[in-house]
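this one's structure only:
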């Protein structure tokens, strides 16, 4: 039995619906985000031993000192990313479990995702195949480099926290595109950086968040 078939019978739709209600109570309004999160089996993206906790509003370990983010954090970043005109080509930095990428693939036409840890990248790729998500392209690489060959992008989302915005990611934004990322070390803020022109950017900060650090190199 593959992970998808295992996962489909693991938790009830009522459990997912409760998660959606909590997200709405916390201020998530975009119906595209809520519908995609209601549909996507989050328990397929964590170890089977943690599957019964998959719909709690908490981060869960996925190995290699990485986590799958709180459902609220995933929803909030997705909502910020698709606010306004729906981006057609999106780059995600930090594939991790693959949950954020899978969620975005339900909403945007094309999703590119980069992961520095080979084992996680391979696991996520397998999940994408099992869930029949053909509009995701994966790459094993240092995320701070982005994906130059596929840029520029209409939006970039980073799921690990650098202390400063990587220049390579700024350069791969199309004019008018937005970069959503956590910034900082011990204290992190969710930020949006919008490219206004070839050499002008505007930054807006939002709530406090907690992510693993954005590390360089690939393994």
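Sure thing, it's come through. Values in this document were obtained by computation on a predicted structure and should not be read as measured data. Residues are numbered from 1 along each chain as shown.

Next SSE downstream of the lengthiest strand in the chain?
The strand that spans the most residues within the chain, counting by DSSP state E, is strand 173-184. Past strand 173-184, heading to the C-terminal end, the next element that is a helix or strand (DSSP states H and E) is strand 188-197.

Sheet-wise, list the partners of the helix or strand following that following strand with their directions.
Under the assignment DSSP H and E, the closest C-terminal helix or strand after strand 188-197 is strand 200-209. If you go by DSSP bridges, strand 200-209 pairs up with strand 188-197 (antiparallel).

how about residue 216, secondary structure?
Counting by DSSP: H, G, I helix; E, B strand; the rest coil, the backbone at residue 216 sits in coil.

got any ranges where the chain has weak pLDDT?
Counting by pLDDT under 70, the low-confidence segments of the chain come to 1-11.

can you give me the strands for it?
Remark: strands assigned in the chain by DSSP E are 60-63, 66-68, 89-93, 110-115, 136-140, 153-158, 173-184, 188-197, 200-209.

Count residues in the vicinity of the closest residue to residue 145 other than its chain neighbours, would you?
Closest residue in space to residue 145, ignoring its immediate chain neighbours: residue 168 at 5.3 Å, by Cβ to Cβ, 6 or more residues apart in numbering. C-beta here means a position set from N, CA and C on the backbone, and glycine is covered the same way. Counted with other Cβ atoms under 10 Å, residues neighbouring residue 168 total 15.

ok, residue 168 - contacts?
Going by Cβ atoms under 8 Å, 6 or more residues apart in numbering, residue 168 touches 144, 145, 146, 148.

Distance of residue 35 relative to residue 181?
Using Cβ to Cβ, to the nearest Å, residue 35 is found at 25 Å from residue 181.

higher neighbour count, these two?
When neighbours are counted by other Cβ under 10 Å, residue 181 comes out ahead of the other of residue 35 and residue 181, with 26 against 13.

give me every residue that touches the more buried one.
Neighbour list for residue 181: 93, 156, 157, 158, 161, 162, 165, 190, 191, 193 [criterion: Cβ under 8 Å, 6+ apart].

Distance to residue 218 for the strands of the chain - can I get that in JSON lines?
Listed next are the strands of the chain as JSON lines, based on distance: least, Cβ to Cβ, whole Å:
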{"stretch": "strand 60-63", "distance to residue 218": "16"}
{"stretch": "strand 66-68", "distance to residue 218": "14"}
{"stretch": "strand 89-93", "distance to residue 218": "12"}
{"stretch": "strand 110-115", "distance to residue 218": "9"}
{"stretch": "strand 136-140", "distance to residue 218": "6"}
{"stretch": "strand 153-158", "distance to residue 218": "16"}
{"stretch": "strand 173-184", "distance to residue 218": "19"}
{"stretch": "strand 188-197", "distance to residue 218": "23"}
{"stretch": "strand 200-209", "distance to residue 218": "25"}
